[in-house]
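Undergrad: here is a sequence with its predicted model. Questions after.
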Amino acid sequence: MALLTFGSVASGTEDPIRKHSSHYKAFLLADAQTGRILDTDRPQRLIYPASLVKMMVALIVLEEVDSGKRRLGEKVLVSRSASKIGGSQVYLREGEVFELRELMKAMVISSANDAAVAVAEHVSGSRAKFMKRMNRRAWELGMQRTRFHSPHGLPVRRGQQPDVTTAYDLYLLALELLKHPQYLKWSSTRLDTFRNGTFQLTNTNHRLIRNYPGMDGMKTGFYSKAGFNLVATAKRKKMRLLSIVIGTPNHRWRSFLTTSLLDKGFKEYMAVQLNPTGITVRPTVQVLNGEVERLKLQTAARAVVMLNAQEQQQVTMQVRIPALVEAPVVAGSRLGTLEYMLGGKVFYRVPLQASHDVGPRSLLATLTHSLGFSLD
């Protein structure tokens, strides 16, 4: 199945969230399970992510772990440069050795900058090589306006370049990161310990994790020019929402706007099944040189999309199939798309597949067909 992200975007000056537009730089609300954007304001505005860059560090590491290239239990040697990073930290010392798992917990839960640098150097051999990897992965994900220059997101010093991104690019990154359950295990942890229990890790988003039902991540970011940023996700029943709030003046506004977006999503939208798997659609497809002349198509996947009450009444659909296919055809072959539309625009696509095998026409049937005879 495929989703076009801007299927439904709210607008208008009367919106209760947009009336606070002077208190944020950008926001985005999405259905995390399908990726459908439910509401957004200034999603392509360039912003400073601050510690949100650590989401990309986490993604690269977890992709390596899930592929078997790395283990969370492997040892990481702390370098001098990692030990000298300021800001939020767990006070690593040069020459110390920690499991990769422990450094990842410190980075995700308490946004430790020194842990982020130690992880980056361990994975790629140097910070510079890891930066190339971060930017390459961002490009692969479609994060076209993102440029990473650090694994930590700290404000730059003279002569350095800042990390830049957009709310939309962060949305793409968050959707990919949500494919790795381990991340949410870390980002939903309010309190943990480091260095054999001698150092406490406090989640930088601990207030919302404690107070907002269903909240289990994902990452905060702050420095003065960036403002207070938060990529958050919450799940209730079978609905998971993703919110991104950028550039608020303090953590209270960040929390207020995040909860307002999530409340809107959970209140106004519901999961609607547009079609089950295996439902037959019309029209059928003509088969050339097949044992039958027409082939039925079925939906290859279930379509469940979050829609508000008004949208549920406005959804239309259209079938796009090839004019002709040639035998043989194998059951399950992808042969078209079922498109769902709102306001004349496609917002969701479901692949269509052959409902059964179609073998080639026999030699006798081909001969009689060409001569205009019938075997009936």
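TA: Right, received. Where do you want to start?

Undergrad: now the strands for the stretch 51-200 of the chain?
TA: 75-77, 97-99, 191-194, 199-202 (DSSP state E, counting those that start in this stretch).

Undergrad: pull out the buried positions in the second one.
TA: Judged by neighbour count using 16 or more other C-beta atoms under 10 Å, the buried positions of strand 97-99 are residue 98. Glycine gets a C-beta too; all of them are placed from N, C-alpha and C.

Undergrad: same question for the last one.
TA: Residues residue 201 are the ones in strand 199-202 that count as buried (16+ other C-beta under 10 Å).

Undergrad: cool, the first one as well?
TA: Along strand 75-77, these residues count as buried under the neighbour rule (16+ other C-beta under 10 Å): residue 76.

Undergrad: what does it rub up against?
TA: 95-100, 103, 118-119, 122 (C-beta atoms under 8 Å, 6 or more residues apart in numbering).

Undergrad: give the helix, strand or coil label for residue 301.
TA: Three-state assignment for residue 301 (DSSP: H, G, I helix; E, B strand; the rest coil): coil.

Undergrad: that one against residue 351, yeah?
TA: Yes: Residue 301 is within contact range of residue 351, at 6.6 Å (criterion: C-beta atoms under 8 Å).

Undergrad: one step back: quick one: the contacts of strand 75-77 as CSV, columns for distance to residue 138 and pLDDT too.
TA: Output for the contacts of strand 75-77, formatted as CSV (distance: C-beta to C-beta, whole Å; pLDDT from 0 to 100):
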residue, distance to residue 138, pLDDT
95, 32, 98
96, 30, 97
97, 30, 98
98, 27, 98
99, 27, 98
100, 22, 98
103, 22, 98
118, 21, 98
119, 17, 98
122, 20, 98
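
Undergrad: which of those tops the neighbour count?
TA: residue 118 (28 neighbours; other C-beta atoms under 10 Å).

Undergrad: residues in contact with that one?
TA: Residue 118 neighbours (C-beta under 8 Å, 6+ apart): 76, 78-79, 82, 92, 98, 103.

Undergrad: just those now: which is nearest residue 243?
TA: residue 103 (27.4 Å; C-beta to C-beta).

Undergrad: roughly how far apart are the closest residue to the closest one other than its chain neighbours and residue 98?
TA: In space, and not counting its chain neighbours, residue 103 is closest to residue 115: 4.3 Å by C-beta to C-beta, 6 or more residues apart in numbering. Distance from residue 115 to residue 98, counting by C-beta to C-beta, to the nearest Å: 8 Å.

Undergrad: find residues that contact each of these two.
TA: Residues touching both residue 115 and residue 98 by C-beta under 8 Å, 6+ apart: residue 92.

Undergrad: in helices, which of the contacts of strand 75-77 appear?
TA: 100, 103, 118-119, 122 (DSSP state H).

Undergrad: let me know the closest of those to residue 49.
TA: residue 119 (17.4 Å).

Undergrad: what about residue 189, neighbour count?
TA: Residues lying near residue 189 (other C-beta under 10 Å) number 19.
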